[in-house]
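[1] model this:
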Amino acid sequence: MASAVRGASQKKVRRNFNWIWYVGAAVWFYDAAIAMHRGALRAGLVEAGISAAFLAVAQFYRRQARRPPRRDKQR
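    As a prediction, the model looks like this:
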């Protein structure tokens with residue numbers, strides 16, 4: 001029974017944890033904008049790519065969190 005409670009609480013943490021990826025994407029995008037404004041184009045493009053990766057991961061985790069729980073088929 002303890003493992004079932006632990007599993008439920010871990011799912012809740014994972015479900016509410018995806019917002020951190022959006023924050024990371026926003027911070028990297030802001031850093032890229034500052035770098036490009038100051039003339040560091042290469043660094044800005046790298047940071048924009050990292051921001052896009054963070055955004056892609058955030059969308060993946062958001063989709064995982066919204067998916068209904070999987071039910072195993074009983075035979």
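
[2] The one helix or strand I34 maps to: which residues count as buried?
    I34 belongs to helix 19-37 when elements are defined using DSSP states H and E. For helix 19-37, the neighbour count (16 or more other CB atoms under 10 Å) marks 21-22, 24-25, 28-29, 31-32, 35-36 as buried. In this view, the C-beta of every residue, glycine as well, is placed from N, C-alpha and C.

[3] Check stretch 47-57 too.
    Neighbour count says stretch 47-57 has 47-48, 50-51, 54-55 buried, by 16+ other CB under 10 Å.

[4] Need the residues you listed in JSON lines (columns: pLDDT, distance to R71 and secondary structure).
    Shown next, in JSON lines, are those (pLDDT from 0 to 100; distance: CB to CB, whole Å; DSSP: H, G, I helix; E, B strand; the rest coil):
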{"residue": "E47", "pLDDT": "95", "distance to R71": "42", "secondary structure": "helix"}
{"residue": "A48", "pLDDT": "95", "distance to R71": "41", "secondary structure": "helix"}
{"residue": "I50", "pLDDT": "95", "distance to R71": "37", "secondary structure": "helix"}
{"residue": "S51", "pLDDT": "95", "distance to R71": "37", "secondary structure": "helix"}
{"residue": "F54", "pLDDT": "94", "distance to R71": "32", "secondary structure": "helix"}
{"residue": "L55", "pLDDT": "93", "distance to R71": "31", "secondary structure": "helix"}
